[in-house]
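Visitor: 3D model of this:
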Amino acid sequence: MRKKTSQYFREYKWSNIFAMIRNNRSDPEICTDDFKNKLVVITGATSGIGYVTAQKFASKGANLLCINRNPEKSENLRREIESKYGVTCDYRIADLSDLKDIFTVSDELLQLDAPIDVLIHNAGVYLTKRELTADGLEKVFVVHYLSSFIMNYLLMDKLKAQEKARIIMVGSEGHRFAIWGLRLDDLNWEKRRYSGLKSYGSAKIAQLLSMIVFDEHFKSTGVTINTMHPGAVKTETGQENGPVYRWFKRNFFDKTLKSPDISAEALYYLGVSDELDGVSGKFFNLTTREEPAPPALDKEVAHELWDKTLKICGLK
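Guide: Presented below is the predicted three-dimensional model:
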């Protein structure tokens, strides 16, 4: 750990921090192309970034398959999208903090006859206190990292066989909160004090590290995988926390945030634009390519995490 801290300290560059600050003020590139009769899978589509992204893709003619937790909101979304845009908006119900649900919905995606043109991992959670799932795993780690890992891993053969697909993981500049990287010996936060920012940052670092290895598996197959920071936008994330946190978020933090429309535009661009053909394994701040923090670029840790994750998920 001390060796890695020293390594990362040497690799940090002020120029990357300044680039992030500059990019945070930039608007996303806009793609005006249609996406008719393509299939887009989105997790967490009933509110926030997922909701406006679903609207954006549907407005361009894409059919949707949304993976949501709430049946009533899912049905309302289906009716709204289909009546408004004349496309198909199917859905599956899954709690992406539950490994059984993640495996079940991944298998359902695997059984689809239609190709998945774009897969967007959007579902997220922010917790100020450590919560364990029914599987005994730290919840933020499962929702942000394990759910996308399992889905990508199980869909690899299907996506490769299609010879063309784009995976986009909604990441975050918040990966920089885990300044000295991932604690592979404590992924479940049992050996140190829990922090909402640090657990969120660690999960986002894990997501970026998994991208390195998935990109190696998808090399020359026509499948690409990228991660994007969706901007500082107003969403419903954090509603699981206590009243003090929600009051602070509503009265202070939310007032400084932008509309999630910019996130939807960025996701559409990354999912559809010809300019992204063949671009894979990259991190974007909206649509601007950016270098993530050094711990998110560590290939040695990426492969160690890959092996650990396969064991945690029972895939090895």
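Visitor: Can you list the buried residues in the helix or strand harbouring residue 210?
Guide: Residue 210 belongs to helix 196-218 when assigned by DSSP states H and E. Neighbour counts over helix 196-218 (16 or more other C-beta atoms under 10 Å) mark 196, 198-215, 218 as buried. In this view, the C-beta of every residue, glycine as well, is placed from N, C-alpha and C.
Visitor: contact partners of the next helix or strand after it?
Guide: Using DSSP H and E, the helix or strand that follows helix 196-218 in sequence is strand 223-229. Applying C-beta atoms under 8 Å, 6 or more residues apart in numbering, the contact partners of strand 223-229 are 152, 159-160, 162-173, 207-208, 211, 214-215, 218, 266-267, 270, 276, 278-287, 290.
Visitor: Can you tell me the closest non-neighbouring residue to residue 180?
Guide: The shortest distance from residue 180 to any residue other than its chain neighbours is 4.9 Å, reached at residue 5 (C-beta to C-beta, 6 or more residues apart in numbering).
Visitor: Kindly report the same for residue 81.
Guide: residue 89 (3.8 Å).
Visitor: isn't the one you found right next to residue 76, touching?
Guide: No: checked against C-beta atoms under 8 Å, the pair residue 89 and residue 76 is beyond contact range at 10.6 Å.
Visitor: Of the two, give the one with the bigger neighbour count.
Guide: residue 89 (23 against 12; other C-beta atoms under 10 Å).
Visitor: if we can go back for a sec, the helix holding residue 210: how far from the chain's middle?
Guide: 9 Å (C-alpha atoms, centre = their mean, to the nearest Å).
Visitor: got the angle for it vs strand 223-229?
Guide: Relative orientation of helix 196-218 versus strand 223-229 (axes from the mean of the first three to the mean of the last three C-alpha atoms, to 10 degrees): 160 degrees.
Visitor: returning to what we had before: of the contacts of strand 223-229, which belong to helices?
Guide: Among these, DSSP state H puts 152, 159-160, 162, 207-208, 211, 214-215, 218, 266-267, 270 in helices.
Visitor: So which of those residues is the closest to residue 187?
Guide: residue 207 (12.8 Å; C-beta to C-beta).
Visitor: residue contacts, the closest one?
Guide: 144, 145, 148, 169, 171, 175, 227.
Visitor: Format the CA atom coordinates belonging to stretch 8-28 as PDB.
Guide: C-alpha atoms of stretch 8-28 as PDB (Å, rounded to 0.1, in the frame of the first residue of the first chain):
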ATOM      1  CA  TYR A   8       0.600   7.600  -7.300                       C
ATOM      2  CA  PHE A   9       2.100  10.600  -5.600                       C
ATOM      3  CA  ARG A  10       4.700  10.800  -8.300                       C
ATOM      4  CA  GLU A  11       2.100  10.200 -11.100                       C
ATOM      5  CA  TYR A  12      -0.300  13.000 -10.100                       C
ATOM      6  CA  LYS A  13      -0.200  16.000 -12.400                       C
ATOM      7  CA  TRP A  14      -1.600  19.400 -11.700                       C
ATOM      8  CA  SER A  15      -2.300  19.800 -15.400                       C
ATOM      9  CA  ASN A  16      -4.900  17.000 -15.100                       C
ATOM     10  CA  ILE A  17      -6.700  18.800 -12.200                       C
ATOM     11  CA  PHE A  18      -6.700  22.100 -14.100                       C
ATOM     12  CA  ALA A  19      -8.100  20.200 -17.200                       C
ATOM     13  CA  MET A  20     -10.900  18.700 -15.000                       C
ATOM     14  CA  ILE A  21     -11.800  22.200 -13.700                       C
ATOM     15  CA  ARG A  22     -11.800  23.600 -17.200                       C
ATOM     16  CA  ASN A  23     -13.800  20.700 -18.600                       C
ATOM     17  CA  ASN A  24     -16.400  21.000 -15.800                       C
ATOM     18  CA  ARG A  25     -17.400  24.300 -17.400                       C
ATOM     19  CA  SER A  26     -17.700  23.000 -20.900                       C
ATOM     20  CA  ASP A  27     -20.900  22.000 -22.700                       C
ATOM     21  CA  PRO A  28     -21.200  18.600 -24.300                       C
END
